[in-house]
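Trainee: predicted model and sequence follow; I will ask about them next.
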Amino acid sequence: MSVFYKPYMIKYNLVVMFFTVMLVCFMATAADTKNLLFEKQKKTIVLDPGHGGYDKGAQGPDGTFEKNVTLNLARMIAKELANNYRVVLTRTDDYWLDIPARTASANHVGADLFISIHTGGSFLHQASGITLYYFKEFAGPTMTPDAYPSQPFKSINNQVPWPNIHNRHQKSSKVLAQLMLNRINEQRIFTKSDIQDAQFMILEGADMPAVCLEIGYITNPAEEKSLSDIIVLSNIAKGIRNGIDDFFEKDR
Ligand SMILES: [Zn+2]
């Protein structure tokens with residue numbers, strides 16, 4: 001022991017040390033609680049990469065499959081959202097899921113948003129642009145399978161979507177579509193963009209605001225090239241994340 005240390009000084013140092021440790025512990029616990037609360041309050045976003053497995057979706061003139069573009073984009077959006085949201089993908093690899101299973105998984109996890117991802121496909125190679133769809137029930141007959149962006153309308157195991165469940169989210173779905181489109185347009189990727197209502201089965205059973213994206217036409221040679229470009233996809237993903245952020249800001 002140093003000759004300069006007096007017993008009362010040791011006592012004093014011990015007391016200071018004790019309170020410092022207590023303070024650090026308290027701060028750590030408070031931070032943990034705050035983190036835990038933040039985790040609990042995180043909104044859940046379900047991303048649905050269209051098609052998969054035997055269902056390749058639309059195909060580009062260079063041989064790009066829609067099912068791969070949708071999965072790549074979903075992964076990028078998930079990465080963009082990961083810090084502030086809980087993100088669930090309906091499919092995480094190249095396999096097929098029927099439409100009710102996709103919507104049901106969003107309902108099952110109590111998602112705050114459901115976003116189904118597709119590309120456009122047309123026998124007209126000049127068809128181009130991005131369209132965001134929100135659900136709107138029509139008075140007329142149910143939409144024909146041909147009008148749905150994916151083909152497998154019939155392979156649904158006889159499941160019937162919960163009728164009218166999505167109606168109460170129709171207005172907020174339209175708002176979400178508009179906010180996302182504004183932010184995607186900031187990226188200046190597509191020359192044509194639009195929002196449309198549609199009676200899509202993929203949206204009909206969703207018990208939360210939901211949007212179906214058709215991110216460009218894979219059958220258009222220039223857009224096929226864009227949709228195969230990681231930088232373009234990443235910019236689309238950023239636009240979608242900003243639109244989602246805007247939606248929840250508005251919601252508060
Ligand atoms: Zn599709």
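Mentor: On my side now, so go ahead.
Trainee: only C-alpha atoms for contact and neighbour calcs from this point on.
Mentor: Fine.
Trainee: show me the domain layout of this structure.
Mentor: By the record's domain assignment, the chain is partitioned as 7-40, 42-251 (automatic domain parsing).
Trainee: out of the ones you listed, deepest packed?
Mentor: domain 42-251 (a mean of 19; mean count of other CA atoms under 10 Å).
Trainee: select, out of the domains of the chain, the one closest to the ion.
Mentor: Ranking the domains of the chain by distance to the ion, with CA to the ion as the measure, places domain 42-251 first at 4.0 Å.
Trainee: what ranges do the strands span in the stretch 101-250 of the chain?
Mentor: 113-120, 130-135, 193-198, 210-217 (DSSP state E, counting those that start in this stretch).
Trainee: in CSV: those strands, plus distance to the ion and mean pLDDT.
Mentor: Listed next are those as CSV, based on distance: least, CA to the ion, whole Å; pLDDT from 0 to 100:
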stretch, distance to the ion, mean pLDDT
strand 113-120, 4, 96
strand 130-135, 12, 95
strand 193-198, 14, 92
strand 210-217, 7, 95
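Trainee: show me the shaky parts of this protein.
Mentor: 1-10, 25-26, 33-34, 36-38, 139-163, 251-252 (pLDDT under 70).
Trainee: who's in contact with the residue nearest the centre of it?
Mentor: Most central in the chain under CA atoms, centre = their mean is L47, positioned 4.0 Å from the mean C-alpha point. For L47, the contacting residues are A74, A78, V87, V88, L89, T90, F114, I115, S116, I117, by CA atoms under 8 Å, 6 or more residues apart in numbering.
Trainee: of those residues, closest to K67?
Mentor: I117 (9.5 Å; CA to CA).
Trainee: hmm, back to that, how far is the helix or strand harbouring the residue nearest to the centre of the chain from where the chain is centred?
Mentor: Using DSSP states H and E, L47 maps to strand 43-49. Strand 43-49 has its C-alpha centroid displaced from the chain centroid by 4 Å (CA atoms, centre = their mean, to the nearest Å).
Trainee: close to the ion, is that strand?
Mentor: No. Contact of strand 43-49 with the ion is not found when judged by CA under 5 Å from the ion; the minimum separation is 8.8 Å.
Trainee: pairing partners for that strand, with directions?
Mentor: Taking DSSP bridges as the criterion, strand 43-49 forms sheet pairs with strand 85-89 (parallel), strand 113-120 (parallel).
Trainee: just the angle between it and strand 210-217, please?
Mentor: Orientation check (axes from the mean of the first three to the mean of the last three CA atoms, to 10 degrees): strand 43-49 against strand 210-217 gives 40 degrees.
Trainee: next secondary structure element downstream of strand 43-49?
Mentor: Counting by DSSP H and E, what follows strand 43-49 is helix 66-81.
Trainee: does that next one reach the ion?
Mentor: No. Using CA under 5 Å from the ion, we find that helix 66-81 stays clear of the ion, coming within 6.7 Å at best.
Trainee: what are the contacting residues of that helix?
Mentor: 47-53, 55-60, 87-89, 92-94, 117-119, 218, 227-228, 233-234, 237-238, 240-241.
Trainee: tell me what angle it forms with strand 85-89.
Mentor: Going by the same axes, to 10 degrees, helix 66-81 makes 160 degrees with strand 85-89.
Trainee: now N220: closest residue in space that isn't a chain neighbour?
Mentor: Leaving aside its chain neighbours, N220 sits nearest to H125 (4.7 Å; criterion: CA to CA, 6 or more residues apart in numbering).
Trainee: next, that neighbour: phi, psi?
Mentor: phi -70, psi -20 (degrees, to the nearest 10).
Trainee: over to K42?
Mentor: phi -60, psi 140.
Trainee: am I right that I244 is in contact with L176?
Mentor: Yes. Counting by CA atoms under 8 Å, I244 does reach L176; the two are 7.2 Å apart.
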